[in-house]
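J.: Fold the following.
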Amino acid sequence: MAVALLIGFLMLLTLGEGNEDVLRSLEAGQYDERSIDTAKRALLQNSVGISKLADAFASQIGTQQKPASSSSYPFFPPIQISKDKNYVNSCLGYTSTGKRENERREFVKTANRDYIFVLDTSGSILGSEFTLAKEAIASLTEAFCPNTFGSEITNGGTKQVAMVVFGTRVTKVMSFEDSLKGLRAVQEKIMAVKHRREGATSTATALNYVREAILGQGSSRINDPKVSTDVIIITDGRCNVDCKDLAKEADAIRAMGQGVNVFAVGVAAARECELDIISGKVPKSSFGLNGMKYFKDLAESVVEKARSMPNKCV
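T.: Presented below is the predicted three-dimensional model:
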């Protein structure tokens, strides 16, 4: 399933000798697996590419950045075959009633924010890559605004962080209440998670768990208009259990409130179409990386950007 990376940014990169035809194909709107894969490698193995991707990631999820012009975003844009009513069927083998074709919405950003990280722990992700993912998430919990952990609503803003991992099973790593103990406790919990390498990838079940057990309970501030909630799924994009419910579950999370944003970070063999299904094809909400190493590089770039900001966060 071919989904183009943003062509404007690809123009800034050198794809390498012998790949001029690939660039011309992308510019002409001719997308195939070879051109997409080549472009992704050129983009995401390039330090400039990681920096640009970090800008996009921080701008969309953070509170202090204004989004750059669209030509600065190396993300997976809305799918080129969005008029195809069988798009979801062609990706995952089922027909969806979800809003897969024309959904457009603005990201909601407030001073008070809740973050939920949803990390794939299936067998297709190596132990070393899982460690890199944990390190990246731990860094982002510090870099994302606001700086203060708390459940009260303030003008300066407070944040809460929750985390779940999923493979065959879905397990809560940290609740919003746990994060109120502060940054150090949050990062220690993240780094203590063991990689299970389970055989299945139950992404739809994980989203259902987030909706019912995280957003629907405890100190979730889902219904407060002064709070925005970011759900960030990190996966290799290969759902293989209850995938018929993936679009429905992702849509159900977004339907919980206008302040809910769903992001998909795909690594390695992630299917771009599956990331689009998770994110609802909302522009600038899907990010593709060739491996967890690049996710960690992205997180480190976001941290560097945060340190340069007046509030030391993004």
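J.: The chain: helices as residue ranges?
T.: Counting by DSSP state H, the chain has helices at residues 7-10, 20-27, 33-44, 47-61, 87-92, 127-143, 176-179, 183-191, 203-209, 246-254, 272-279, 292-308.
J.: And the ones you listed, which one averages the lowest pLDDT?
T.: Across the helices of the chain, helix 7-10 has the smallest mean pLDDT, namely a mean of 34.
J.: tell me the contacts of the closest residue to Thr203 other than its chain neighbours?
T.: Residue nearest to Thr203 in three dimensions, not counting chain neighbours: Cys239, with 4.2 Å by C-beta to C-beta, 6 or more residues apart in numbering. For every residue, glycine as well, the C-beta is placed using N, CA and C. Contact analysis of Cys239 by C-beta atoms under 8 Å, 6 or more residues apart in numbering lists Leu92, Thr201, Ser202, Thr203, Ala204, Leu246, Glu274.
J.: now swap in Gly156 and tell me
T.: When contacts are counted by C-beta under 8 Å, 6+ apart, Gly156 touches Ala111, Pro146, Thr148.
J.: Out of the residues you listed, who's the most crowded?
T.: Using other C-beta atoms under 10 Å as the neighbour criterion, Pro146 leads the contacts of Gly156 with 19 neighbours.
J.: residues near the nearest residue to that one once chain neighbours are set aside, how many?
T.: Excluding the flanking residues, the one nearest Pro146 by C-beta to C-beta, 6+ apart is Gly157, at 3.5 Å. Per other C-beta under 10 Å, the neighbour tally for Gly157 reads 20.
J.: Tell me how the protein divides into domains.
T.: The record's domain parsing of the chain by automatic domain parsing lists 7-45, 75-308.
J.: will you turn the ones you listed into TSV that also has distance to Val314?
T.: Below are the domains of the chain laid out as TSV (distance: least, C-beta to C-beta, whole Å):
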stretch	distance to Val314
domain 7-45	20
domain 75-308	5
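J.: Neighbours of the closest residue in space to Lys172 that isn't next to it in sequence, how many?
T.: Nearest non-adjacent residue to Lys172, counting by C-beta to C-beta, 6+ apart: Val164, 5.3 Å away. Using other C-beta under 10 Å, Val164 is surrounded by 23 other residues.
J.: Val164 bridge partners, please.
T.: Val118, Lys172 (DSSP bridges).
J.: now it: how far from Arg197?
T.: 17 Å (C-beta to C-beta, to the nearest Å).
J.: rewinding a little: my read: the residue nearest to Pro146 touches Arg113, true?
T.: Yes: Gly157 is in contact with Arg113 according to C-beta atoms under 8 Å; the separation is 6.8 Å.
J.: And the pLDDT for the residue nearest to Thr203?
T.: Value for Cys239, per-residue pLDDT: 87.
J.: how far away is it from Ala299?
T.: 24 Å.
J.: swap in Thr203?
T.: Look at Thr203 and Ala299: by C-beta to C-beta, they are 21 Å apart.
J.: cool, and Asn223?
T.: 30 Å.
J.: residues near Gly291, how many?
T.: Quick note: Gly291 (other C-beta under 10 Å) scores 18 neighbours.
J.: got the phi/psi numbers for it?
T.: Dihedral angles of Gly291 (phi, psi; degrees, to the nearest 10) stand at phi 180, psi 170.
J.: need the contact list for it.
T.: By C-beta under 8 Å, 6+ apart, the neighbours of Gly291 are Glu129, Val267, Ala268.
J.: for Ala264, what are its contacts?
T.: Ala264 neighbours (C-beta under 8 Å, 6+ apart): Ile233, Thr235, Gly237, Glu274, Leu275, Asp276, Ile278, Ser279, Ser285, Ser286, Phe287.
J.: Those, buried ones only, as a PyMOL selection?
T.: To isolate the buried ones among the contacts of Ala264 in PyMOL, judged by 16 or more other C-beta atoms under 10 Å, type:
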select buried, resi 233+235+237+274+275+276+278+279+285+286+287
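J.: Please point out which parts of stretch 221-234 sit buried.
T.: Arg221, Ile222, Val227, Ser228, Thr229, Asp230, Val231, Ile232, Ile233, Ile234.
J.: Okay, the residue nearest to Thr203 and Thr201: tell me how far apart.
T.: 5 Å.
J.: any idea how far the residue nearest to Thr203 is from Gly150?
T.: Applying C-beta to C-beta to Cys239 and Gly150 gives a distance of 35 Å.
J.: again, but for Ile125
T.: 33 Å.
J.: circling back to that earlier point, neighbour count winner among Thr203 and Ala299?
T.: More crowded of Thr203 and Ala299, by other C-beta under 10 Å: Thr203, with 30 against 23.
J.: wait, what's in contact with that one?
T.: Asp120, Phe166, Ile233, Thr235, Cys239, Cys243, Leu246, Glu274, Ile278.
J.: Thought Glu188 was touching Met174, still the case?
T.: No: the criterion here is C-beta under 8 Å, and Met174 misses it with Glu188 at 9.9 Å.
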